[in-house]
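Trainee: Take a look and give me a structure for this.
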Amino acid sequence: MGWKYWWCTRILLAGKLTLAHNLTADEDGFRGAATNAGGSTGCTGSSSYRLATNVNHADKGEGIYKRTNATYAAGRAKILNGGGGGNSHNAGGSGGGNYTAGGEGGPGWNNCSPSARGIGGISLSSEITVGRIFMGGAGEGNNGFSTQGKNGGGIILVKAEEIETVSCAGITISANVGSVPGTGGNDGGGGAGGTIVFEVDTWTIAGACPLTISANGGNGGNVNTAATHGGGGGGGQGALFFSTTAPTVHVTLETNSGDGGCNKYSDPCNSQASSGAGVDGSGVLDILTGPLPIELVDFYATKIDELVHLTWITKSEQNNSHFVIEKSLNGNDWYPISILSGAGNSSELLNYQTWDFNPSIGLNYYRLKQIDFDGSFSNSDVRSVDFRTKGSFIFPNPTTGTVIISGIPNQLETIFIYDALGRTVFQKDMVEEQHSLELDLSYLPNGSYSILFKSKTGIETEHLIISH
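Mentor: Here you go, the predicted structure:
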């Protein structure tokens, strides 16, 4: 199962994930502040920490604190991990924070004292656990020549038994932040790197298809004029979590802090805003388990006579309160038909089942909603069962050996036949769409059998009697 929000990519798989393309949440995190007009000709230093939005004091970047007071929108002060804005005149915005703190912006024109620079977003390392993760943000420089602070990196959650690469020029999984482009007078801060969580048992990364996993902070913007203004502060580094020992074979891991921007044009740079804090790579954390609530092996909706049997299997559960089976007749409007308690925490295979005793004429859609103890939830893929027709028709039944099956379900994947003891006695994988099929079952002994049709939308069963 996979979900994509504006800030988060989430992938849950029961089995192997083969990477053929890049997976990114670059700059999908908290937003850097937009540019403002500017108009002051003098320094506004240490006293201007929080103000309402105005032309002479740049806005703060977003962070984990939801600001509701309009008089806290602008000014030098950080707002938790959101970087502070640069004040007049031409001071640099600061970097956002995540696992490490963001860097401070440059002082302002002309080497403003006391400094008008934005103050970097805080480090969240003391608050971060694998079940409590964050994004990064950034501030913005002042004034009208400034660039917007970069957004922080987003969040990626991946749960699979194995991740492999096969053939490629290289694959990346990233929650990075790009560099802020330079401007004439002052610049925005770099966003902090995001967070990536892996609950993966095995890594099989081919030497011909190496993997790079990164949550790097962004570089602050450089000033393109000779006098000292304000470069942008570098973004703090993000975090990488691994449920096992961090992979190293053909894998590169990066959590780098962003560099502070140059406060004036010089080569080499001789006046620089602060870089993001911390030793590069300190955000790589392993042998931890994460916030992904359940590992769902599969979810089935099986038509049995005039009823629907709903079954699912979990391989593991984390803080799982309960399941809700939801039903829809149009695929859009859903209502609950059954609630079952979850196991809370489990590392064993667990089987669940319930029934729909009142299926409607037509298509019946089903999905499984998993709900955590904190009320957060996720939905499975949708399954459907068709009661518009009488289903597959088997003739003759009873049979002496040869049967013709008509009315085969659309998108059929596999036909199974089970004996009365539940043993598989026949299996046929379908490679192309067929509406009828002839089977020779004369080798099977007399008895009662169940024929199971597994399609992409659900499961249907019919009964068969063999009597030679």
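
Trainee: Only C-alpha atoms from now on, for both contacts and neighbour counts.
Mentor: OK.

Trainee: Can you read off the pLDDT for residue 6?
Mentor: What the model reports as pLDDT for residue 6 is 40.

Trainee: Revised request: answer the last question for residue 77.
Mentor: 90.

Trainee: which SSE is it in?
Mentor: According to DSSP states H and E, residue 77 maps onto no helix or strand at all.

Trainee: all helices in the stretch 251-400 of the chain, in order from the N-terminus.
Mentor: Counting by DSSP state H, counting those that start in this stretch, the stretch 251-400 of the chain has no helices at all.

Trainee: Can you give me the first-to-last residue distance of stretch 251-261?
Mentor: Start-to-end span of stretch 251-261 (Cα to Cα, to the nearest Å) is 30 Å.

Trainee: buried set for that stretch?
Mentor: For stretch 251-261, the neighbour count (16 or more other Cα atoms under 10 Å) marks 251, 253-261 as buried.

Trainee: Let's have these in TSV, adding pLDDT.
Mentor: Formatted as TSV, the buried residues of stretch 251-261 follow (pLDDT from 0 to 100):
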residue	pLDDT
251	97
253	97
254	97
255	97
256	96
257	95
258	93
259	94
260	92
261	90
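
Trainee: For residue 298, state which of these is nearest.
Mentor: residue 251 (30.2 Å; Cα to Cα).

Trainee: for that closest one, what are its contacts?
Mentor: Counting by Cα atoms under 8 Å, 6 or more residues apart in numbering, residue 251 touches 205, 210-213.

Trainee: Excluding sequence neighbours, find me the nearest residue to it.
Mentor: Computed as Cα to Cα, 6 or more residues apart in numbering, the closest residue to residue 251 that is not its neighbour in sequence is residue 211, at 4.8 Å.

Trainee: Over to residue 311?
Mentor: That would be residue 353: by Cα to Cα, 6+ apart, it lies 4.3 Å from residue 311.

Trainee: list the contacts for that neighbour?
Mentor: Taking Cα under 8 Å, 6+ apart, one finds 309-312 in contact with residue 353.

Trainee: quick one: which of those is nearest to residue 135?
Mentor: Scanning the contacts of residue 353 for proximity to residue 135, where the rule is Cα to Cα, the winner is residue 312, at 33.4 Å.

Trainee: Let me see the confidence value for that closest one.
Mentor: Value for residue 312, per-residue pLDDT: 92.

Trainee: what about it, neighbour count?
Mentor: 16 (other Cα atoms under 10 Å).

Trainee: partners of it in the sheet?
Mentor: residue 299, residue 352 (DSSP bridges).

Trainee: Repeat that for residue 366.
Mentor: Counting by DSSP bridges, the residues bridging with residue 366 are residue 327, residue 383.

Trainee: That one and residue 324 touch, don't they?
Mentor: No - the pair residue 366 / residue 324 is not scored as a contact, 10.4 Å apart, by Cα atoms under 8 Å.

Trainee: And the two? Which one has more around it.
Mentor: Set residue 366 next to residue 324 and count neighbours by other Cα under 10 Å: residue 366 wins out with 29 against 19.

Trainee: Can you tell me the element residue 445 falls in?
Mentor: Counting by DSSP H and E, residue 445 is found in no helix or strand.
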